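Undergrad: sequence-free structure coming up:
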């Protein structure tokens with residue numbers, strides 16, 4: 001309550017400024033190791049400030065009768081984080097670099113740099129704008145020395161000029177900077193000062209490590225032929241806007257008036273799964289090598305490989321702190337597995353495919369492809385452009401999310417799902433199959449090239465297992481697939497609508513399956529009504545023949561609702577009443593659907609004549625439900641071998657005397673144009689032969 005304040009200009013930043021303002025004497029009677037100097041008094045010289053010195057001063061005050069009161073009390077005081085001891089503040093002589101002379105140039109240089117993320121620009125602008133003089137000297141027992149000589153008597157006069165610097169530069173070039181500590185002054189001084197060696201004492205201050213590392217653009221980037229200056233990128237943690245990024249900028253601008261880098265990318269720090277900082281003492285450190293190679297117990301700590309670790313890095317938002325742990329890596333592995341399985345499926349369906357440009361190519365020209373296939377190629381180009389743009393902007397999370405979405409939503413869950421019938425049931429050289437393989441070939445090469453920067457091992461694995469010859473031996477030799485990014489978006493409005501309709505139909509089918517109205521989707525028929533006439537026209541244009549006539553008349557057999565929705569029958573009707581009367585109201589949607597369609601599902605007409613051979617496993621890709629022809633012979637819309645056998649048996653019973661199976665097969669081969677017609681086409685020709 002006295003209003004008296006203890007002020008020590010030599011032992012605190014605020015006190016130092018107060019002392020400057022009021023002309024107070026600057027006293028700092030503490031040496032470099034934290035012990036009292038002679039300025040503290042002869043009886044205290046050499047005592048530790050934080051040890052016996054404290055008690056000695058209290059005792060001296062008590063002896064002189066000058067101590068009013070002494071008591072212990074708790075108060076906040078800064079401790080050194082490494083030694084866990086109280087910090088002693090001292091005002092000492094230091095070397096400074098003035099920033100004032102080139103601050104504006106530094107701010108202008110900041111504008112020439114790409115900052116990733118962009119908020120980094122604001123951070124470094126603030127630091128440079130508010131920066132005072134840069135203290136470049138440190139009192140450490142290690143580091144690059146500041147090559148300065150001091151007068152032994154006064155300690156104030158300094159020897160530092162071009163001659164001394166050039167000589168020391170030569171010494172350092174031959175012996176390294178440690179020569180400063182090993183050699184005597186006479187060896188460190190140039191020839192004209194050697195006679196005065198007894199007068200000078202070499203300094204013990206070291207260079208600020210930020211000045212040291214901040215000069216790496218000169219000592220590394222600008223000094224090596226294989227590197228360039230300015231550097232393409234500086235990469236470090238987000239705390240370096242006040243550190244390395246700033247010191248590099250200031251030294252480069254001061255010398256060359258330009259930034260030492262073209263791009264600066266900053267990232268957060270890696271934390272454990274719970275968000276805690278990793279520490280050996282806490283035992284929560286995740287070893288990258290263990291993620292790659294696995295631990296001692298491979299069941300509990302499996303080897304995921306380098307690609308999974310790289311995928312985790314690419315999938316997180318590195319601009320902030322990121323978490324990692326066993327569960328997170330396990331989830332990342334699931335994403336990796338999905339990508340790999342997609343690639344395996346693509347490779348597995350190209351065994352007999354010969355790409356365009358190769359002898360005997362069986363690829364289908366773009367202009368002849370069905371609309372669905374052109375749409376898929378358009379989507380591939382759009383995805384590759386998005387991935388390329390994201391990669392160039394170092395937005396790896398955006399790139400990998402786009403690849404995962406494309407692989408799952410558009411490839412696996414839609415295009416490849418509805419393409420199974422074309423690939424598995426069609427004849428080897430059937431147009432529908434070859435057109436699909438043409439698209440799959442493009443998807444596979446585009447996929448491999450797109451994932452290569454993030455998943456190099458998977459991409460190379462794909463490339464080495466391609467079932468056809470390529471112009472490059474490695475996925476990394478052929479460059480970016482520019483020929484795959486030029487496909488235009490095709491019929492997007494149509495196929496976007498169909499995908500939404502598919503989602504709405506599948507939702508209604510779930511309820512029908514739960515109630516055992518239908519089993520597989522091919523057991524079902526759908527009724528669709530949409531008030532929007534344009535949408536209705538689009539959908540009606542995709543309604544195929546009532547029967548699977550070969551060749552089809554209404555569609556090309558690919559751009560067809562029945563095929564895309566994987567249903568036996570699809571009816572696009574002109575009124576909601578038709579949907580209501582054709583389907584149980586329980587299986588009729590509201591009009592508030594994703595597609596805007598009123599959707600109803602019911603059991604399909606006809607009989608499933610496929611003998612699947614097992615009640616436990618059924619292939620959804622082997623049959624559509626059959627409908628009855630005028631001649632009362634069951635005509636399969638899609639069929640397999642068992643179906644043909646049963647059909648032949650029925651025909652033999654009806655017309656055994658007139659039935660010549662061998663002749664039918666021969667006729668079928670001639671009409672189809674192949675020596676090995678599929679069971680589907682043979683059975684259809686059997687029916688045609690019988691009816692005629």
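TA: Arrived safely, thanks for sending. Only a predicted model underlies this, so the values are computations on that prediction, with no experimental measurement involved. Numbering: from 1, shown residues only.
Undergrad: surely residue 596 touches residue 532?
TA: Yes. Between residue 596 and residue 532 there is a contact under CB atoms under 8 Å: 6.4 Å. All C-beta atoms are positioned from the backbone trio N, CA, C, and that covers glycine.
Undergrad: helices along the stretch 1-150 of the chain, start to end?
TA: 13-22, 52-63, 103-110, 119-129 (DSSP state H, counting those that start in this stretch).
Undergrad: quick one: mean pLDDT over the second one.
TA: The one in question is helix 52-63. Mean per-residue pLDDT for helix 52-63: 93.
Undergrad: then stretch 437-451?
TA: Per-residue scores along stretch 437-451 average to 96.
Undergrad: who touches it?
TA: 339, 342-343, 346-347, 349-350, 353, 355-356, 362-364, 369, 373, 376-377, 380, 383-384, 387, 399, 403, 407, 411, 415-416, 419, 423, 458-459, 462-463, 466, 475, 478, 480-481, 484 (CB atoms under 8 Å, 6 or more residues apart in numbering).
Undergrad: buried subset of these, written for PyMOL?
TA: Buried subset of those, written as a PyMOL selection, criterion 16 or more other CB atoms under 10 Å:
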select buried, resi 339+342+343+346+347+349+350+353+355+362+363+364+369+373+376+377+380+383+384+387+399+403+407+411+415+416+419+423+458+459+462+463+466+475+478+481+484
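Undergrad: next step: the contacts of stretch 437-451 restricted to helices.
TA: Residues of the contacts of stretch 437-451 located in helices (DSSP state H): 339, 342-343, 346-347, 373, 376-377, 380, 383-384, 387, 399, 403, 416, 423, 458-459, 462-463.
Undergrad: out of the helices of the stretch 1-150 of the chain, which is closest to residue 43?
TA: helix 52-63 (7.2 Å; CB to CB).
Undergrad: contacts for that closest one, please.
TA: 35-36, 43-44, 47, 67, 70.
Undergrad: ok, so of the residues you listed, who is nearest residue 160?
TA: After measuring the contacts of helix 52-63 against residue 160 - CB to CB - the closest member comes out as residue 35, at 29.4 Å.
Undergrad: got any ranges where the stretch 451-600 of the chain has weak pLDDT?
TA: For the stretch 451-600 of the chain, applying pLDDT under 70 flags the ranges 548-550.
Undergrad: show me where it has strands.
TA: 524-529, 569-572, 598-603 (DSSP state E, counting those that start in this stretch).
Undergrad: roughly how far apart are residue 532 and residue 503?
TA: Distance from residue 532 to residue 503, counting by CB to CB, to the nearest Å: 17 Å.
Undergrad: go on, residue 291?
TA: Taken as CB to CB, the span from residue 291 to residue 503 is 37 Å.
Undergrad: tell me which of the two has more neighbours.
TA: residue 291 (23 against 15; other CB atoms under 10 Å).
Undergrad: now that one, nearest residue through space, not along the chain?
TA: residue 309 (5.1 Å; CB to CB, 6 or more residues apart in numbering).
Undergrad: now for the one you found, how many residues are close by?
TA: Neighbours of residue 309 (other CB under 10 Å): 18.
Undergrad: what sits against it?
TA: 288, 291-292, 329.
Undergrad: so it belongs to a helix, correct?
TA: Yes. Assessed with DSSP: H, G, I helix; E, B strand; the rest coil, residue 309 lies in a helix.
Undergrad: how close does it sit to residue 396?
TA: For residue 309 relative to residue 396 (CB to CB), the value is 13 Å.
Undergrad: repeat that for residue 8.
TA: On the measure of CB to CB, residue 8 and residue 396 end up 53 Å apart.
Undergrad: most centrally placed residue in this protein?
TA: The centre of the chain sits closest to residue 314, judged by CA atoms, centre = their mean, with a distance of 2.4 Å.
Undergrad: just checking, that one touches residue 400?
TA: Yes. Residue 314 is within contact range of residue 400, at 4.5 Å (criterion: CB under 8 Å).
Undergrad: re the thing from before, in a markdown table, list the contacts of residue 309 along with distance to residue 135, secondary structure and pLDDT.
TA: Shown next, in a markdown table, are the contacts of residue 309 (distance: CB to CB, whole Å; DSSP: H, G, I helix; E, B strand; the rest coil; pLDDT from 0 to 100):
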| residue | distance to residue 135 | secondary structure | pLDDT |
| --- | --- | --- | --- |
| 288 | 37 | helix | 93 |
| 291 | 42 | helix | 93 |
| 292 | 43 | helix | 94 |
| 329 | 44 | helix | 94 |
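Undergrad: tell me how many other residues crowd residue 133.
TA: For residue 133, using other CB under 10 Å, the count is 12.
Undergrad: not counting its neighbours along the chain, what's nearest it?
TA: Going by CB to CB, 6+ apart, residue 133 has residue 96 as its nearest residue, at 4.3 Å.
Undergrad: tell me what the one you found is bridged to.
TA: Taking DSSP bridges, one finds residue 135 as the beta-bridge partners of residue 96.
Undergrad: that one contacts residue 131, correct?
TA: No. Contact criterion CB under 8 Å: residue 96 and residue 131 do not qualify, at 11.7 Å.
Undergrad: so the two - more neighbours on which side?
TA: Legend: neighbour count by other CB under 10 Å for residue 96 and residue 131, higher for residue 131 (15 against 11).
Undergrad: state the distance from the residue nearest to that one when sequence neighbours are not counted to residue 16.
TA: Spatial nearest neighbour of residue 131, excluding adjacent residues (CB to CB, 6+ apart): residue 99 at 5.2 Å. To residue 16, residue 99 is 20 Å away according to CB to CB.
Undergrad: which stretches of the stretch 101-250 of the chain have low pLDDT?
TA: Using pLDDT under 70, nothing in the stretch 101-250 of the chain is flagged.
Undergrad: which residues in it form strands?
TA: Using DSSP E, counting those that start in this stretch, strands in the stretch 101-250 of the chain cover 114-116, 134-135, 137-138, 149-151, 158-159, 200-202, 206-207, 231-237.
Undergrad: centre of the chain to the second one, how far?
TA: Once both centres are worked out by CA atoms, centre = their mean, to the nearest Å, strand 134-135 turns out to sit 39 Å from its chain's centre.
Undergrad: so which elements touch that strand?
TA: strand 96-97 (3 or more CB pairs under 8 Å, 6 or more residues apart in numbering; DSSP states H and E).
Undergrad: contacts for the strand it packs on?
TA: For strand 96-97, contacts defined as CB under 8 Å, 6+ apart pick out 133-136, 211, 250, 254.
Undergrad: for those residues, which entry has the maximal number of neighbours?
TA: residue 250 (24 neighbours).
Undergrad: so what's it up against?
TA: 97, 99, 102, 106, 128, 134, 214.
Undergrad: how about residue 138?
TA: 205-209.
Undergrad: same thing with residue 510?
TA: By CB under 8 Å, 6+ apart, residue 510 has no neighbours at all.
Undergrad: repeat the analysis, applying 10 Å as the threshold.
TA: residue 601 (CB atoms under 10 Å, 6 or more residues apart in numbering).
Undergrad: go on, residue 186?
TA: 193-198, 200.
Undergrad: just the buried subset of the contacts of helix 52-63, please.
TA: 35-36, 44, 47.
Undergrad: export the residues you listed to a markdown table and tack on pLDDT and distance to residue 75?
TA: Shown next, in a markdown table, are the buried ones among the contacts of helix 52-63 (pLDDT from 0 to 100; distance: CB to CB, whole Å):
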| residue | pLDDT | distance to residue 75 |
| --- | --- | --- |
| 35 | 94 | 24 |
| 36 | 95 | 23 |
| 44 | 95 | 24 |
| 47 | 95 | 23 |
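Undergrad: please identify which pair of these lies farthest apart.
TA: It's 35 and 44 that sit farthest apart of the buried ones among the contacts of helix 52-63, by CB to CB, at 9.0 Å.
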